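J.: any chance you can model this:
(2 chains)
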Amino acid sequence: GNSVTQMEGPVTLSEEAFLTINCTYTATGYPSLFWYVQYPGEGLQLLLKATKADDKGSNKGFEATYRKETTSFHLEKGSVQVSDSAVYFCALWGYSSASKIIFGSGTRLSIRP
Amino acid sequence: DTGVSQNPRHKITKRGQNVTFRCDPISEHNRLYWYRQTLGQGPEFLTYFQNEAQLEKSRLLSDRFSAERPKGSFSTLEIQRTEQGDSAMYLCASSSGGETQYFGPGTRLLVL
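T.: Have a look, this model is predicted:
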């Protein structure tokens, strides 16, 4: 079945450091891929998405490219801020999943001032 | 667009009691989803409605759980005879049929 594997955390970086959070997936067909972010005490917010191979999703300085050949959707940001501290979830949605989103286990990111 | 709302935000109950949560989706969205998130894990799918029809239920949804969406608008999730293992964040999401789901803030349940 479909699944998502993402880099285990926690990840701790200094402010202005470069961020990469790895995500790979297993799916039949051509799923849509997402990154969701969860700030402390809040629900999930959609950060970015890509719906087909080679698409790049971007938002708030974060980027991720849908790589079908490596089945990956790594999240990157060139210069992180303290306000980026949160839990990040990689996820996929595909018709074979019968409409549900399948999430990875999440990566907790902490940014030191 | 007021977003997805959920009530209550927090619920503490004693084992064996029944609890009910409510979700109000984005008004024009015909699809509504329930997920459960335990500590340190990603959300897991529970059930899904298209309008008032419940189209899919996960095997995680034991017979103590029931969900309804009577008029195709808001939805309720009831847990009967709660157990400590039911302690989790219950998330609701809605969509207009595309791949993007918009999540509410969740209801955090603690069963003592």
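J.: quick check: closest non-adjacent residue to the residue of chain A found nearest chain B.
T.: For chain A, the residue closest to chain B is residue A:103, as judged by Cβ to the nearest Cβ, at 3.2 Å. To be clear about C-beta, it is placed using only N, CA and C from the backbone, and glycine gets the same treatment. Using Cβ to Cβ, 6 or more residues apart in numbering or on different chains and skipping residues adjacent in sequence, the residue nearest residue A:103 is residue B:42, 3.2 Å away.
J.: in the one helix or strand residue B:110 maps to, what counts as buried?
T.: If you go by DSSP states H and E, residue B:110 is part of strand B:107-111. Going by neighbour count (16 or more other Cβ atoms under 10 Å in any protein chain shown), the buried part of strand B:107-111 is B:107-109, B:111.
J.: export these as JSON lines, with columns for pLDDT.
T.: Output for the buried residues of strand B:107-111, formatted as JSON lines (pLDDT from 0 to 100):
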{"residue": "B:107", "pLDDT": "96"}
{"residue": "B:108", "pLDDT": "95"}
{"residue": "B:109", "pLDDT": "97"}
{"residue": "B:111", "pLDDT": "97"}
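J.: who's in contact with the lowest-mean-pLDDT helix or strand in chain B?
T.: Lowest on mean pLDDT, DSSP states H and E among the helices and strands of chain B sits strand B:53-57, with a mean of 90. Identification of contacts with strand B:53-57 by Cβ atoms under 8 Å, 6 or more residues apart in numbering or on different chains yields A:98-100, B:46-49, B:67-69.
J.: pull the contacting residues for residue B:31.
T.: Contact partners of residue B:31, counting by Cβ under 8 Å, 6+ apart, are A:99, B:48-50, B:94-97, B:101.
J.: and residue B:19, by the same measure?
T.: Contacts of residue B:19 (Cβ under 8 Å, 6+ apart): B:11, B:13, B:78-79, B:82, B:109.
J.: make it 10 Å
T.: Applying Cβ atoms under 10 Å, 6 or more residues apart in numbering or on different chains, we find residue B:19 in contact with B:8, B:11-13, B:77-80, B:82, B:86, B:90, B:107, B:109, B:111.
J.: what of residue A:15?
T.: If you count contacts by Cβ under 10 Å, 6+ apart, then residue A:15 has A:79-84, A:111-113 around it.
J.: of those, which is the most crowded?
T.: residue A:80 (22 neighbours; other Cβ atoms under 10 Å in any protein chain shown).
J.: give the bridge partners for the residue nearest to the spatial centre of chain B, please.
T.: Closest residue to the average C-alpha location of chain B: residue B:34 at 3.6 Å, with Cα atoms, centre = their mean. Applying DSSP bridges to residue B:34 gives these bridge partners: residue B:47, residue B:92.
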